[in-house]
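[1] Below are the sequence and a predicted model; questions follow.
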Amino acid sequence: MKISVIGCGYVGAITGACLADLGNEITLVDVDQTKIDAINTSCSPIFEPGLDELLQKNHQRIIATKDLKTAVLNSNISFICVGTPSKDDGSIDLGYIESVSKEIGCALRNKDSFHTVVVKSTVFPGTSDNIVAQNIERESGKKLHTDFGIVSNPEFLREGVAVDDFFNADRIILGTSDTKSRQNIEELYSSFDCPKYFTDTKTAEMIKYVSNAFLATKISFANEIGNLCKKISIDSRDVFDGVGLDKRINPAFFNSGIGFGGSCFPKDVMALIKGAEDQFGEHAHILKSVIAVNNEQPLRLITLLEKHVPNLKGAKIGILGLAFKPETDDIRESRAIPIVKQLLDKGAEITAYDAQAANNFRELFPSVTYCERCRDVLNSDAVLILTEWQEFENMDYSGRIVIDGRRIQKAIETAGQYEGVCW
Ligand SMILES: NC(=O)c1ccc[n+]([C@@H]2O[C@H](COP(=O)([O-])OP(=O)(O)OC[C@H]3O[C@@H](n4cnc5c(N)ncnc54)[C@H](O)[C@@H]3O)[C@@H](O)[C@H]2O)c1
Ligand SMILES: O=c1ccn([C@@H]2O[C@H](COP(=O)(O)OP(=O)(O)O[C@H]3O[C@H](CO)[C@@H](O)[C@H](O)[C@H]3O)[C@@H](O)[C@H]2O)c(=O)[nH]1
């Protein structure tokens, strides 16, 4: 199939490269020339394991461009993969979705054949029908279901393991009330043997929000219980290992520590809270607590640090890990951000190491000293572990004060003085 993918960030680049690997011809579209140049030289525009290899292997079937109109006209299906960030009040900013759907509409003015538009970006329920479809109808003069169709196909990939998640999805959610589009999308995903769940667009959109909200809830719940377990000298991991044996509960996403970051959980939980309240007058009490626990968790690590280093003014603090999780260079909503902010406010001198995320972090915090080798960070008054990169398991923490936000076994075994946030 000929497919245009609009937005070459984490979701667009993965979707384009993986669909090319399945034999489709892909045109990736972005407004960012650097990303286009990277893709056209078969280099990944983001750090994601396996993506470079896929771009190289399928380079004859992948092209990147700024020209959305031609990309849409030369394809049968367009995937919308642009960002849906938070506004200052936490509600969803649909600015990119608005402008891309209008541009697709303009392009379709000159197209005679049927076109399927797939919304992969995470959007509040109702957005595909009320904004995307209506903008396209308005700008193109064409009719939904007759000239074009809409599918909501939310993405569930996790950064760091995104290629594997694409090819080995637990399920594919497909929301559409359009017969031709359903046929197109069924054909596109025909080689996947996971469950394909067909529903309407707004239900599909809600499934994405509820999945992220539930996983975030599990993490905040594990953190709340972990905080209590620490006070009673119970290892919270042992507790959740036991709890997770109940098939109704499941052991995943019970790792307690300094909380969840990333471009999705904080943003999507806030968007659900705000959308529920502003549009429907519903107060999401549980989800508000999920955010409150998550905001508190990184600051607990500072409180533990101050037990060992009471005066942080002028203290040398080493930080291991800046990315919001391992195997990514992404620092969006990383728990390292509030921790570094507070340490700097208290006058600490910070050295930090992260093999992938240091450059991104430097843009936010130029006053931090960034080390080339992780062992250089150890030469500090105390070491904080904020991301569970595998290489941190290979270090010797003997004689060091370590405050661990992510439970690195080697630190538990070798540190001179050791504190875990929730254990
Ligand atoms: N990152 C993830 O792990 C993940 C996983 C599942 C779902 N999502 C959702 O997918 C969407 C995209 O997320 P992302 O992390 O890939 O975002 P991103 O910010 O990494 O990438 C978005 C891209 O869209 C481009 N763009 C913006 N306006 C454009 C326009 N008019 N035309 C063409 N390109 C344009 C930007 O330049 C950018 O490269 C969001 O809704 C997000 O919530 C993200
Ligand atoms: O038990 C756990 C699991 C995760 N985390 C933290 O939670 C955050 C998110 O982790 P993860 O879910 O692995 O990464 P993301 O790439 O943000 O993926 C989430 O967000 C994506 C965007 O919507 C979805 O597609 C994925 O299904 C969903 O897992 C990270 O800061 C993790 O450190 C914990 O603290 N404890």
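    Sure, I can see it. Ligands and ions are numbered 1, 2, ... in the order given.

[2] which parts of the stretch 251-400 of the chain sit against ligand 1?
    263, 264 (CB under 6 Å from any ligand atom). Just so you know, the C-beta spots here come from the backbone N, C-alpha and C atoms, and that holds for glycine as well.

[3] Enumerate the residues of the stretch 251-400 of the chain near ligand 2.
    253, 254, 255, 257, 259, 260, 261, 262, 264, 265, 324, 325.

[4] Keep only those of those that are in helices.
    Among these, the members found in helices (DSSP state H) are residue 265.

[5] could the residues of the stretch 251-400 of the chain next to ligand 2 be laid out in TSV, adding neighbour count and pLDDT?
    Output for these, formatted as TSV (neighbours: other CB atoms under 10 Å; pLDDT from 0 to 100):
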residue	neighbour count	pLDDT
253	16	98
254	21	98
255	19	98
257	26	98
259	28	98
260	27	98
261	24	98
262	22	97
264	24	97
265	23	98
324	27	98
325	21	96
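
[6] what's the single longest helix in the protein?
    helix 201-232.

[7] Now do the buried residues in the helix or strand following that helix.
    Next helix or strand after helix 201-232 toward the C-terminus (DSSP states H and E): helix 236-244. For helix 236-244, a neighbour-count test (16 or more other CB atoms under 10 Å) marks 236, 237, 239, 240 as buried.

[8] Now do helix 236-244: distance to the chain's middle.
    26 Å (CA atoms, centre = their mean, to the nearest Å).

[9] what's it packed up against?
    Counting contacts by 3 or more CB pairs under 8 Å, 6 or more residues apart in numbering; DSSP states H and E, helix 236-244 packs against helix 201-232.

[10] Just the angle for the helix it packs on relative to helix 236-244, thanks.
    130 degrees (axes from the mean of the first three to the mean of the last three CA atoms, to 10 degrees).

[11] Report whether helix 201-232 contacts ligand 2.
    Yes: shown here: helix 201-232 in contact with ligand 2 (CB under 6 Å from any ligand atom) through 212, 215, 219.

[12] State whether residue 173 is indeed within a helix.
    No: Residue 173: not assigned to a helix; according to DSSP: H, G, I helix; E, B strand; the rest coil it is strand.

[13] distance between the longest helix of the chain and the chain's centre?
    That offset, for helix 201-232, works out to 15 Å (CA atoms, centre = their mean).

[14] Pull out the buried residues from it.
    Applying 16+ other CB under 10 Å to helix 201-232 flags 201-202, 204-209, 211-213, 215-227, 229-230 as buried.

[15] next one: stretch 35-44
    35, 36, 38, 39, 42, 44.

[16] Those residues into JSON lines, with extra columns for pLDDT?
    Below are those laid out as JSON lines (pLDDT from 0 to 100):
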{"residue": "35", "pLDDT": "98"}
{"residue": "36", "pLDDT": "98"}
{"residue": "38", "pLDDT": "98"}
{"residue": "39", "pLDDT": "98"}
{"residue": "42", "pLDDT": "96"}
{"residue": "44", "pLDDT": "96"}
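
[17] Can you convert the residues you listed into TSV and add a column each for distance to ligand 1 and secondary structure?
    TSV is the format used below for the buried residues of stretch 35-44 (distance: CB to the nearest ligand atom, whole Å; DSSP: H, G, I helix; E, B strand; the rest coil):
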residue	distance to ligand 1	secondary structure
35	5	helix
36	10	helix
38	11	helix
39	11	helix
42	17	coil
44	12	coil
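
[18] Closest to residue 93 out of those residues?
    residue 35 (20.1 Å; CB to CB).

[19] Report the separation between that closest one and residue 88.
    In this structure, residue 35 and residue 88 are 26 Å apart, going by CB to CB, to the nearest Å.

[20] Which one of the residues in the stretch 251-400 of the chain is closest to ligand 1?
    residue 263 (4.8 Å; CB to the nearest ligand atom).

[21] For that residue, which residues are in contact?
    10, 159, 330, 332, 333 (CB atoms under 8 Å, 6 or more residues apart in numbering).

[22] so who does the first one touch?
    Residues in contact with residue 10 (CB under 8 Å, 6+ apart) are 46, 48, 157, 159, 162, 263, 330.

[23] rewinding a little: in strands only, show me the residues of the stretch 251-400 of the chain next to ligand 2.
    Using DSSP state E, no member of those falls in strands.

[24] mind putting the residues of the stretch 251-400 of the chain next to ligand 2 in TSV, distance to residue 27 included?
    Output for those, formatted as TSV (distance: CB to CB, whole Å):
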residue	distance to residue 27
253	36
254	42
255	39
257	41
259	39
260	34
261	32
262	28
264	26
265	31
324	30
325	31
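
[25] Alright, I will stop here.
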